[in-house]
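Chemist: return atomic coordinates for the entry below.
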Amino acid sequence: MRIGIFGGTFDPPHLGHLILANEAQSQMHLDRLLWALTGDPPHKRGQSITPLSHRVKMVQLALAGEQEIELSRIEIDRPSPHYAVDTIHLLAGQYPQAELVYLMGGDSLRDLTGWQRPAELVAACHEIGVMRRPGDDIDLSSLIKTLPDITKKVRFVDAPLLEISSREIRQRIAGDRPFRHYLPPVVFQYIQENKLYR
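Modeler: Numbering: from 1, shown residues only. Model prediction:
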């Protein structure tokens, strides 16, 4: 079994997330794709993050009806800090026979040497699926110096380059600008009903 791990704060989950997840699932031949919602991301300390209960509900709404894609509670039900390397080790314990494929954006790959125990993370993954974003400038040769096994693990996911980000959506909502069509309708409705990001 091949299991993908798609981590993030998903604040809010948007159509770009869903498109990338579906492309990764197809191109990486994933049997299951777990959205690992991060409750308290170490790299976002000091930033305002929507309460976890709202983000859990929005991800559940966004994923309703998806085949083989589901919310994982691997980072929700354990105390912070939440590091990808620990998440991978915990999932390897839960699914000892599975090939674990960690999904990340090109910007995350570029910054991977600054992550917690990056060599250990690379070693623990069967593959790393890298989802390109507009303006990505990925230089694997510089990563090889620190992470020599990276080229054996990285597979690029070819997906439409959608310039949608959760940050931009939050800014649009706060600025009373149009945002409806960036989101699954159920997530849009939830944000409206709960007056989020105002």
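Chemist: looking at this structure, which helix or strand does the model trust least?
Modeler: One helix or strand of the chain scores below all others by mean pLDDT, DSSP states H and E: helix 106-110, with a mean of 84.
Chemist: how many residues are close by Ala123?
Modeler: 13 (other Cβ atoms under 10 Å). C-beta coordinates here come from the backbone N, C-alpha and C atoms, glycine included.
Chemist: give me the element it is part of.
Modeler: Taking DSSP states H and E as the criterion, Ala123 maps to helix 118-124.
Chemist: by contact count, what packs against that helix?
Modeler: helix 84-94 (3 or more Cβ pairs under 8 Å, 6 or more residues apart in numbering; DSSP states H and E).
Chemist: which other helices and strands contact the helix it packs on?
Modeler: strand 2-8, strand 99-105, helix 118-124.
Chemist: isn't Leu34 up against Ile74?
Modeler: Yes. With contacts counted by Cβ atoms under 8 Å, Leu34 reaches Ile74, the gap being 7.2 Å.
Chemist: got the residue ranges for the helices in this protein?
Modeler: 15-27, 52-63, 84-94, 106-110, 118-124, 140-146, 150-153, 166-174, 185-194 (DSSP state H).
Chemist: which one of those helices lies closest to Gly7?
Modeler: Closest to Gly7 of those, according to Cβ to Cβ: helix 84-94, at 6.2 Å.
Chemist: thank you, goodbye.
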